[in-house]
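K.L.:
Pasting the sequence and the predicted coordinates here, then a few questions.
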Amino acid sequence: QVQLVESGGGLVQAGGSLRLSCAASGRTVSNYAMGWFRQAPGKEREFVASISRSLTNTYYADSVKGRFTISRDNAKNTVYLQMNSLKAEDTAVYYCAAAGSAFDGEVIIISNRYLYWGQGTQVTVSS
């Protein structure tokens, strides 16, 4: 079992930055491919970014590429999402997730491959 707790969300003006954190307990995150997803009101949950279990491969949705950066600190058992140049359309609840199984170097964009999910943190970008 892995417990995930997100933090760092809030209200920010367009063009600003936020860094989300996802603290894990129960198991070390180095054993899992990790991902960030988001869900805006009235919309389906969508993939944002993924980082592999090892080799630190990353993959981003086109909508955030060049603005968001996913990273992990295995010593702190934490995964981060640095969000820069935020836009109003980035407003959503952001969730981190840990994949149940993954190959080394594999990034995962499909939500149903993620076994563990956090409770989410709200990000609101004002225009």
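P.N.:
Everything's here; your move.

K.L.:
In terms of helices and strands, where is the residue nearest the centre of the chain?
P.N.:
Per Cα atoms, centre = their mean, the C-alpha nearest to the average position across the chain is that of residue 36, at 2.2 Å. Per DSSP states H and E, residue 36 falls inside strand 34-39.

K.L.:
Other residues contacting the next helix or strand after that strand?
P.N.:
Sequence-wise, the next helix or strand downstream of strand 34-39 (DSSP H and E) is strand 46-51. The contact list for strand 46-51 (Cβ atoms under 8 Å, 6 or more residues apart in numbering) reads 33-39, 57-61, 64, 68-72, 79, 81, 94, 107-111. No exception for glycine: its C-beta is placed from N, CA and C like everyone else's.

K.L.:
hmm, 7 Å instead?
P.N.:
Contacts of strand 46-51 with the rest of the structure, by Cβ atoms under 7 Å, 6 or more residues apart in numbering, involve 33-38, 58-61, 64, 68, 70-72, 79, 81, 107-109, 111.

K.L.:
quick one on the thing from earlier: how about the strand holding residue 36: buried residues?
P.N.:
By 16 or more other Cβ atoms under 10 Å, the buried positions in strand 34-39 come out as 34, 35, 36, 37, 38.

K.L.:
next one: stretch 63-72
P.N.:
In stretch 63-72, counting by 16+ other Cβ under 10 Å, buried: 64, 68, 69, 70, 72.

K.L.:
which SS state does the fourth one fall under?
P.N.:
Secondary structure assignment for residue 70 (DSSP: H, G, I helix; E, B strand; the rest coil): strand.

K.L.:
just checking, it touches residue 35?
P.N.:
No: contact criterion Cβ atoms under 7 Å: residue 70 and residue 35 do not qualify, at 8.1 Å.

K.L.:
Now residue 25: closest residue in space that isn't a chain neighbour?
P.N.:
Closest residue to residue 25 apart from its sequence neighbours, by Cβ to Cβ, 6 or more residues apart in numbering: residue 3 at 4.7 Å.

K.L.:
If anything else comes up later, I'll come back, but that's it for now.
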